[in-house]
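*Asks:* output the structure for:
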Amino acid sequence: MKSIAVFSIKGGVGKSATAVNLAHAAATTGGRRTLLWDLDSQGAATYLLKLLPKTGVKARAAVSGEVPISELVLQTEFPNLHVLPADKSLRRLEGDLAQSDKLKLLRKHLKALAADYDRIIIDCPPGLSELADRLFRAVDLIVMPSIPSPLSSRAADQLRVELQRSHEGKPPILPLWSMADGRRKLHRDSIALHPDWPIIPYASAVESMAVHQAPVAVVQPRSPAARAFAGLWAAVEAELRKN
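*Replies:* The predicted structure is shown next:
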């Protein structure tokens with residue numbers, strides 16, 4: 001089993017869309033038994049797959065180890081793809097994980113889920129936080145969406161510095177340009193600084209995910225955005241094979 005954190009220091013960079021489309025590609029194109037773990041209290045990834053959390057079981061209680069985490073898992077309409085949904089209770093998860101006896105809780109959850117899944121893709125809340133630190137220690141790869149701008153490049157550098165300072169440079173990062181608009185000079189100039197990063201275009205196909213509550217490959221399977229996400233999934237798999 002390999003685990004991937006879709007993470008950004010900044011919010012509003014297309015993180016949840018990236019996580020959903022990667023999970024769908026892993027499950028359908030790749031045939032991997034895939035779990036999309038929504039750890040962002042906004043629950044965008046859960047919503048984009050037409051799901052609602054189960055009543056009576058809070059995500060925070062499961063992640064904190066108070067109830068079996070398997071009780072939250074939901075089946076999607078796609079083969080091989082399950083979701084661990086988010087709800088508002090995750091807003092208080094930071095305090096739970098700060099307790100010394102729960103330092104390795106996320107890693108324990110991933111190990112417990114390893115028998116049932118080949119890929120676990122985690123939609124993380126933004127920001128360098130206690131939760132982010134625990135995730136960095138537990139996952140095999142960070143996929144980092146960035147909008148083409150100097151501030152996004154700065155955020156990517158901040159993440160690398162943090163990983164080098166606190167985690168010996170691990171796990172590896174796969175950065176990508178998200179919501180890239182070739183009509184904007186700032187975007188073109190930023191992309192030119194890192195032309196090797198995968199590019200997800202700014203496109204109506206991605207925006208329409210929220211309307212149809214489905215991945216781009218379902219909404220507009222022949223669109224440039226669908227091809228871009230397929231290429232990103234291939235890049236993720238290639239990166240995982242290196243480690």
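
*Asks:* going forward, measure contacts and count neighbours with C-alpha atoms only.
*Replies:* OK.

*Asks:* what's residue 120 in contact with, if anything?
*Replies:* Counting by C-alpha atoms under 8 Å, 6 or more residues apart in numbering, residue 120 makes contact with 1-4, 34-37, 110.

*Asks:* among the residues you listed, which are located in helices?
*Replies:* Among those, the members falling in helices (DSSP state H) are residue 110.

*Asks:* quick one, which of the contacts of residue 120 are buried?
*Replies:* With burial judged by 16 or more other C-alpha atoms under 10 Å, the buried subset of the contacts of residue 120 is 1-4, 34-37, 110.

*Asks:* look at the residue lying closest to residue 53 once chain neighbours are set aside and say how many residues are nearby.
*Replies:* With sequence-adjacent residues excluded and distances taken as C-alpha to C-alpha, 6 or more residues apart in numbering, residue 53 is closest to residue 85, at 5.5 Å. For residue 85, the tally of surrounding residues (other C-alpha atoms under 10 Å) stands at 25.

*Asks:* would you mind measuring from residue 85 to residue 45?
*Replies:* 8 Å (C-alpha to C-alpha, to the nearest Å).

*Asks:* which neighbours do those two have in common?
*Replies:* Residues touching both residue 85 and residue 45 by C-alpha under 8 Å, 6+ apart: residue 38.

*Asks:* mind putting the contacts of residue 120 in TSV, distance to residue 69 included?
*Replies:* Putting those into TSV (distance: C-alpha to C-alpha, whole Å) gives the following:
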residue	distance to residue 69
1	17
2	18
3	16
4	18
34	16
35	12
36	13
37	11
110	10
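
*Asks:* could you identify the most distant pair in the contacts of residue 120?
*Replies:* 1 and 37 (14.1 Å; C-alpha to C-alpha).

*Asks:* any idea which element residue 83 lies in?
*Replies:* Taking DSSP states H and E as the criterion, residue 83 maps to strand 81-84.

*Asks:* who's in contact with that strand?
*Replies:* 23-24, 27, 33-38, 46, 72-76.

*Asks:* how far does it sit from the chain's center?
*Replies:* Chain-centre distance of strand 81-84: 13 Å, with C-alpha atoms, centre = their mean, to the nearest Å.

*Asks:* partner strands of that strand, with direction?
*Replies:* Strand pairing for strand 81-84, determined by DSSP bridges: strand 34-38 (parallel), strand 74-75 (antiparallel).

*Asks:* I'd like to know which of these lies nearest to residue 55.
*Replies:* Closest approach to residue 55 among the strands paired with strand 81-84 is made by strand 74-75 (12.0 Å; C-alpha to C-alpha).

*Asks:* ok, residues contacting the closest one?
*Replies:* If you take C-alpha under 8 Å, 6+ apart as the criterion, strand 74-75 is touched by 51, 81-85.

*Asks:* what's near enough to touch the residue nearest to residue 53?
*Replies:* 37-39, 43, 45-46, 51-53, 59, 72-74.

*Asks:* how does it look with 6 Å?
*Replies:* Contact analysis of residue 85 by C-alpha atoms under 6 Å, 6 or more residues apart in numbering lists 38, 46, 53.

*Asks:* equivalent analysis for residue 13, please.
*Replies:* Residues near residue 13 by C-alpha under 6 Å, 6+ apart: 146-147.

*Asks:* just the one 3 residues further on next, same as before
*Replies:* Contacts were defined as C-alpha under 6 Å, 6+ apart; by that measure residue 16 touches residue 45.
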